[in-house]
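Peer 1: Sequence plus predicted model, see below.
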Amino acid sequence: MASLFLVLLISAQRPGACFMLIPPSAKATGMAYAWTAIADDASANYYNAAGLAFIDRWSGTVNYSSYLPGLHDGMKHIYIAWVKRLDTKSAIGFDIIYFDTGYRSMYMPEYDGYFSYRITLKVNYARKFSENISTGLGCKLIYDHLMADWVIAKMPELGIESGGTGTSFAFDFNILYKIKPYLSMGLVFHNLGPDISYTESGSSDPLPLLSRLGLAGKLYESEYLSITLSTEMTKILVGMFANSNNSFGENLKYEFKEAWKAIGLEVNYFKMLSLRTGYFYDYEGQRIGWTFGGGIKVLNLEIDIGIDEDVFDFETQNRKLSLTYTF
């Protein structure tokens, strides 16, 4: 009922600040981003902060991606996250997303300075309510720096009337339920907050409010081998039931079809070497395909790579590199 109430409050608009939907973490990418019900490292700050309460050591991760060079060479996506255990039941986490759209190299390589970039800063608090249920609350600040006015004035052919900056804030709500030692379920509502407003133009866009439901299970586990299967469905809640000509049932059928769906598989050998694959399906966004990845852990350092370029319907590369250190 709570999720239905939220949906009814949202107008039929497309969201802004969509850079927040770019999934970080090479681990999650290798499994088609189906990470909400796993959330067992610092990237839980992004996927499901409730998982932070089950992490028993300090941990930090850095993720880098040269984002979709086939679309435009110059875009960069950087993700940094950290988690600290507070006591036996609670933990705190922090993450940063930095997305550089690369406009400077696209239009005016002779000028120095970042013309367009986006940043979010978020802090999360997670707490166990029992041995198998935890919740997480996150608060984030969002900053969207569009092209500076002086840049646009030099390029009237772009047809952009004004630049400016957009700011907003949002909250995330997260739940992780360890149903059995080998089975877990995650549910999140992310990006609940006011429209992002731009100072120069005065325009505003709703934030990309979304819900994710995930289920993950250990298919096999021994001292030298473990196999994990994870599934997930993501729904952008902005603009739902927008077609007034359809019946409620027709709209509901379309919304289910339009939801992003993912399944991921990880095989881990001796808790040191991991191989991952997944399949992602986004009907409306036409992102359909396989993802791949792997990683190696030596002592407290883990290095992972995730490849999801086959998901996109144009020729490109999209590889993510993650470094994770546990203290």
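Peer 2: Alright, I've got the coordinates. Numbering: from 1, shown residues only.
Peer 1: The lengthiest strand in the chain pairs with which strands, and in what direction?
Peer 2: Looking across the chain with DSSP state E, the single longest strand is strand 165-180. Strand 165-180 sits in its sheet next to strand 133-145 (antiparallel), strand 183-192 (antiparallel), strand 196-198 (antiparallel), going by DSSP bridges.
Peer 1: Mean pLDDT, mean neighbour count and distance to I96 for these - can I get that in TSV?
Peer 2: C-beta coordinates here come from the backbone N, C-alpha and C atoms, glycine included. Formatted as TSV, the strands paired with strand 165-180 follow (pLDDT from 0 to 100; neighbours: other Cβ atoms under 10 Å; distance: least, Cβ to Cβ, whole Å):
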stretch	mean pLDDT	mean neighbour count	distance to I96
strand 133-145	96	20	10
strand 183-192	98	21	16
strand 196-198	84	20	18
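Peer 1: Make CSV from these and add distance to G249 to it.
Peer 2: CSV is the format used below for the strands paired with strand 165-180 (distance: least, Cβ to Cβ, whole Å):
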stretch, distance to G249
strand 133-145, 33
strand 183-192, 24
strand 196-198, 33
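Peer 1: about what we covered before: how far away from the center of its chain is the longest strand of the chain?
Peer 2: Counting by Cα atoms, centre = their mean, to the nearest Å, strand 165-180 is centred 11 Å from the centre of its parent chain.
Peer 1: please renumber so the chain begins at 58
Peer 2: Renumbered: residue one is now 58, and that last one reads strand 222-237.
Peer 1: Show me what counts as buried in it.
Peer 2: Residues 223, 225, 227, 229-235 are the ones in strand 222-237 that count as buried (16 or more other Cβ atoms under 10 Å).
Peer 1: pLDDT averaged over the host helix or strand of N120, what's the number?
Peer 2: Assigned by DSSP states H and E, N120 belongs to strand 116-123. Strand 116-123 shows a mean pLDDT of 96.
Peer 1: pLDDT below threshold where in the stretch 208-357 of the chain?
Peer 2: Across the stretch 208-357 of the chain, the ranges flagged by pLDDT under 70 are 208-220, 256-259.
Peer 1: if you set the cut-off to 90 instead, what comes out?
Peer 2: Along the stretch 208-357 of the chain, segments meeting pLDDT under 90 span 208-223, 254-262, 296-312, 341-342.
Peer 1: sorry, back to before: figure out which of the strands paired with strand 222-237 is closest to N300.
Peer 2: Of all the strands paired with strand 222-237, strand 240-249 sits nearest to N300, with 23.3 Å by Cβ to Cβ.
Peer 1: what distance separates the closest one from the middle of the whole chain?
Peer 2: On the basis of Cα atoms, centre = their mean, strand 240-249 sits 12 Å off its chain's mean C-alpha point.
Peer 1: for stretch 77-96, same thing?
Peer 2: Computed by Cα atoms, centre = their mean, the separation of stretch 77-96 from the middle of its chain amounts to 7 Å.
Peer 1: for it, how far is the first residue from the last?
Peer 2: Stretch 77-96 has its terminal residues 18 Å apart, counting by Cα to Cα, to the nearest Å.
Peer 1: same deal with stretch 77-85?
Peer 2: Taking Cα to Cα, the first and last residues of stretch 77-85 lie 15 Å apart.
Peer 1: Which positions in that stretch come out as buried?
Peer 2: Quick answer for stretch 77-85 (16+ other Cβ under 10 Å): 77, 79-85.
Peer 1: if we can go back for a sec, which one, of the strands paired with strand 222-237, ends up nearest to L322?
Peer 2: Closest to L322 of the strands paired with strand 222-237, according to Cβ to Cβ: strand 240-249, at 15.5 Å.
Peer 1: Not counting that closest one itself, show me its contacts.
Peer 2: Here strand 240-249 makes contact (Cβ atoms under 8 Å, 6 or more residues apart in numbering) with 60, 63, 74, 77, 93-96, 104-105, 107-108, 195, 227-236, 264-275.
Peer 1: repeat that for 6 Å
Peer 2: By Cβ atoms under 6 Å, 6 or more residues apart in numbering, the surrounding residues in contact with strand 240-249 are 93-94, 105, 227-235, 264-274.
Peer 1: List the neighbouring strands of the strand holding N120 plus their orientation.
Peer 2: strand 133-142 (antiparallel), strand 376-383 (antiparallel).
Peer 1: and the shortest one, which residues are buried?
Peer 2: Along strand 376-383, these residues count as buried under the neighbour rule (16+ other Cβ under 10 Å): 376-377, 379, 381, 383.
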